[in-house]
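Participant: The sequence and its predicted three-dimensional model are supplied below.
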Amino acid sequence: MSSQNTTLYAGIVIALIIGAAVGYFVYPSMNTGLDPNDYVEKSTYNALQSDYDDSQEALIGAKASLGGALSKAALSDIVLSQIKVLTTGKKIGLITGTGGLGDKSFNDISNAGAQRAEDELGVEFDIVQPTAIAEYEGYQRDFAMSGEYEIIICVGFDQGDALTIVAAEYPDQNFAIVDMVVVAPNVASLTFRSNEGSFLLGVVAGLTTETGTIGFVGGVDIPLIRDFYVGYKAGAEWANPTVTVGEPVFVGGWGDPASGKELALGLIEQGYDGIFAAAGGSGLGALEAAHEQGITGYGVDACQDYLHDEIIASMTKRVDNAVFQMILAATTGTFQGGFYSGGLAESWTGMCRLPEEEALWESTFGFVHDPIDEDILAKVMDARDAIIAGDIVVPSGYD
Amino acid sequence: MVGLVDVISVGLFAAALRMATPIVYAALGGIFSERVGIINIGLEGTMLASAFAGVTASYYTGNPWLGVVVAVLVGGLIGLLHAILTVKFVGNQIVSGTGINIFAMGFTAYMSQIIWGSRGASEGVRGLGTWNIPFIADLPVVGPIIGSHSPLVYLMLVVTVLSYVVLFRTPLGLRIRAVGEHPTAAETAGIDVLRVKYLCVILSGMLAGLGGAFLSLGHLNLFTRGMTGGRGFIAMAAMIFGKWMPFGAFGASLLFGLADALQMRLQSLGLLPPQIILTIPYLLTVAVLAGVVGKARPPSDYKPYKRE
């Protein structure tokens, strides 16, 4: 018995000694005493070198063309080609909201921004479409963990909680989040002054109404949605002092078009002849009520005017512009985390009947607007200029 | 309080009837299922799947009535699935029903993505429109309330009466109730218990299917993700509140519909914050269930039945 134990102990001791000896000889050859972080792979070095050579060539080309005709277009082409040298081949990640692509709204517009970056800047982008809020964190972490994305763009306020966690885990990864504020040095929080775009919509609604009473159907009573209402109300009252903008009504959810329709029918019964629906899927029901009862409806986020003839204008949130700007910043190395707010001046919010937007939406959704009354459009343009110049201060739903 | 008087209008009652309709259909479905001792918590998912199926059929054929037929068939199929799982394999009724709900939510969104390229909403399709009932539509007060609705609203009234007649005035109804209350005795009396259970659970799915068709083709003419919005669960409350009786469930659904319609109209007055007004239907539900109903005695003990 005891001899067996002795053999066991001896075996363990011998095994330890052999292990230590092997380790002593093998370890130095594994660890050359140099920190691998000080060195780059040959392929990376070559890529950098060729990038540099390309940019030098482009610079020489630019100088040559500068010597010739110095038109503004040529100059912007030169700048663009210079930027393109920096951005081409870089990767960005896009995480849509749970609505996914094809929502003809938020997610599609964000995708359009990334698409534009692909066309104009030559970046590559990967897109994932989570189907539930619980999936956001996993996708964000997968993207961040790969380390190959210059920036990861998260669409939708409901990604905020997940991003707060993931952004802290990957402090060297750049993120942008749409419609939400996440306080972290590596996150750009993109918010939209919806009240300004809604103001322009209110101008249209205030001048279009015949009964003098217009209303608002919201999804949920939160400041984000109130922002649309107060802007709309202010715009309508600015354009038409005699208009009555009714109290806002709320569905209490984003996915209940049946309730949205009943709310709108209730308003129409009370003599409302213009309804602005900012309620996601529930809003589709409200717009259908407008169509059925033959009153004017107003859409939100994207141009929803293609749905029915009665929808004559929509407040637009130009997430594409915001996303494009963030991609540009991240791929050119000028990205900075923090709070970004965009309105009419930045072309981050707007209205689909504005001359610079109308054609874009019509080609996106394949329809043609009925022409808008010129006096109304003129008033809209006045309002926009005044807001950008600061002569009109649009109230905010966050106050 | 001029505003409050304005709110009590004929439009309010018409809206209440519309809001109650899908709940009535699903509650009747719940009654048939529970009367034979099978809890059908999958009403919500069945409605959703049928709402989707109806819109899809109308989208491809351009015929909304065909959409209704397809919706009912899909509802029946889901009912059959629930029956196979719970009657034949004696599976847990809650698990099967919950599975149906989760499946319907995911599957409809997925198919919607494939068909319309959007997970959120379908394209607009042809709906059933509204029927104006001659004479009644021209009557004062009554006309605006019941004179002009989707045909499925009128069908709902018919189905409610029919359900009562079948359950309490026919031999089949007697068998259905016997199967729920005492399956062993029913079997002894020569009733094919399993067949009656199958029949009723399938019927339950078909009725819920009609509710879904009303939402997507009767009230609206599009499908959006999760558009049933919990109405299947409210229907279960209406069923219990109505003590598993067709007219009881009808009354309960109407009350819920009225509370909802009232809530919507009160919001536009701006007297109270919307958050408080939005709670009215739920407060009413709690108050009614706690105070008025009294003891709700289910028509069955819901124990799985196995032949000796």
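Facilitator: Looks like it arrived, so ask away. Worth saying up front: this structure is predicted, and the values here are computed from it rather than measured.
Participant: average pLDDT across the biggest helix by length in chain B?
Facilitator: Taking DSSP state H as the criterion, chain B has its longest helix at helix B:10-35. What helix B:10-35 shows for mean pLDDT is 95.
Participant: Pull the distance from stretch B:149-160 to the chain's centre.
Facilitator: 12 Å (C-alpha atoms, centre = their mean, to the nearest Å).
Participant: cool, and stretch B:45-57?
Facilitator: Chain-centre distance of stretch B:45-57: 13 Å, with C-alpha atoms, centre = their mean.
Participant: does chain A sit close to it?
Facilitator: No - shown here: stretch B:45-57 not in contact with chain A (C-beta under 8 Å from any C-beta of the partner chain), separated by at least 9.9 Å. (Glycine included, C-beta is placed from N, CA and C.)
Participant: rewinding a little: give the next helix or strand downstream of the longest helix of chain B.
Facilitator: The helix or strand immediately downstream of helix B:10-35 is helix B:43-61, counting by DSSP states H and E.
Participant: the inter-axis angle of that following helix versus helix B:10-35?
Facilitator: Per axes from the mean of the first three to the mean of the last three C-alpha atoms, to 10 degrees, the angle that helix B:43-61 makes with helix B:10-35 is 110 degrees.
Participant: Can you point out the buried residues in helix B:43-61?
Facilitator: Using 16 or more other C-beta atoms under 10 Å in any protein chain shown as the test for burial, helix B:43-61 gives B:43-59.
Participant: can you tell me which residues contact the closest residue to A:Gln173 other than its chain neighbours?
Facilitator: Excluding the flanking residues, the one nearest A:Gln173 by C-beta to C-beta, 6 or more residues apart in numbering or on different chains is A:Ala144, at 4.5 Å. Residues near A:Ala144 by C-beta atoms under 8 Å, 6 or more residues apart in numbering or on different chains: A:152, A:166, A:169-170, A:173, A:175.
Participant: go again using 7 Å as the cut-off
Facilitator: Applying C-beta atoms under 7 Å, 6 or more residues apart in numbering or on different chains, we find A:Ala144 in contact with A:152, A:166, A:170, A:173.
Participant: number of nearby residues for the third one?
Facilitator: Applying other C-beta atoms under 10 Å in any protein chain shown, we find 17 other residues in the vicinity of A:Tyr170.
Participant: angle of the strand or helix carrying B:Asp260 against helix B:10-35?
Facilitator: Using DSSP H and E, the element containing B:Asp260 is helix B:246-267. With the same axes, to 10 degrees defining the directions, helix B:246-267 sits at 140 degrees from helix B:10-35.
Participant: Next secondary structure after helix B:246-267?
Facilitator: Remark: after helix B:246-267, the chain's next helix or strand is helix B:274-278, criterion DSSP H and E.
Participant: do that following helix and chain A meet?
Facilitator: Yes - Helix B:274-278 is in contact with chain A by C-beta under 7 Å from any C-beta of the partner chain, via B:274-275, B:278.
Participant: With neighbour count and pLDDT added, can I get those residues in JSON lines?
Facilitator: As requested, these are arranged in JSON lines below (neighbours: other C-beta atoms under 10 Å in any protein chain shown; pLDDT from 0 to 100):
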{"residue": "B:Pro274", "neighbour count": "21", "pLDDT": "84"}
{"residue": "B:Gln275", "neighbour count": "11", "pLDDT": "85"}
{"residue": "B:Leu278", "neighbour count": "22", "pLDDT": "85"}
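Participant: quick check, nearest of those to A:Phe106?
Facilitator: B:Pro274 (23.5 Å; C-beta to C-beta).
Participant: Now do the same contact list for that closest one.
Facilitator: By C-beta under 7 Å, 6+ apart, the neighbours of B:Pro274 are A:221, A:249-250, B:267.
Participant: A:Gly93: what's it in contact with?
Facilitator: If you count contacts by C-beta under 7 Å, 6+ apart, A:Gly93 has them with A:125-126, A:143, A:149, A:152-153.
Participant: next one: the helix holding B:Asp260 to chain centre, how far?
Facilitator: That offset, for helix B:246-267, works out to 13 Å (C-alpha atoms, centre = their mean).
Participant: residues contacting the closest residue to B:Glu44 other than its chain neighbours?
Facilitator: Leaving aside its chain neighbours, B:Glu44 sits nearest to B:Gly232 (2.7 Å; criterion: C-beta to C-beta, 6+ apart). For B:Gly232, the residues meeting the contact criterion (C-beta under 7 Å, 6+ apart) are B:26, B:43-44, B:47, B:208.
Participant: which residues are in contact with the host helix or strand of A:Ala378?
Facilitator: Here A:Ala378 sits within helix A:374-389, counting by DSSP H and E. Residues outside helix A:374-389 that contact it (C-beta under 7 Å, 6+ apart): A:196, A:199-200, A:203-204, A:207-208, A:235, A:238-239, A:344-345, A:351, A:353, A:392, A:394.
Participant: Based on its surroundings, how many neighbours for B:Leu284?
Facilitator: That count, for B:Leu284 with other C-beta under 10 Å as the rule, works out to 17.
Participant: Can you name the residues that contact it?
Facilitator: With contact set as C-beta under 7 Å, 6+ apart, B:Leu284 has these partners: B:Ala259.
Participant: Name the residues of the strand or helix carrying it that are buried.
Facilitator: According to DSSP H and E, B:Leu284 maps onto helix B:280-287. Residues B:280-281, B:284-285 are the ones in helix B:280-287 that count as buried (16+ other C-beta under 10 Å).
Participant: From those, pick the one nearest A:Ala21.
Facilitator: Using C-beta to C-beta, B:Thr285 is the member of the buried residues of helix B:280-287 that lies nearest A:Ala21, at 77.7 Å.
Participant: thought that closest one was touching B:Met236?
Facilitator: No - applying C-beta atoms under 7 Å as the test, B:Thr285 and B:Met236 come out as separate, 11.5 Å apart.
Participant: Near chain A, which residues of the stretch 1-150 of chain B are found?
Facilitator: B:9, B:11, B:15, B:18-19, B:109, B:113, B:116-121.
Participant: Give the residue spans of the chain that score low on pLDDT.
Facilitator: Reading this off chain A. A:1-3, A:27-40, A:62-75 (pLDDT under 70).
Participant: Chain B is the one I meant
Facilitator: Residue ranges of chain B with pLDDT under 70: B:1-7, B:291-294, B:308.
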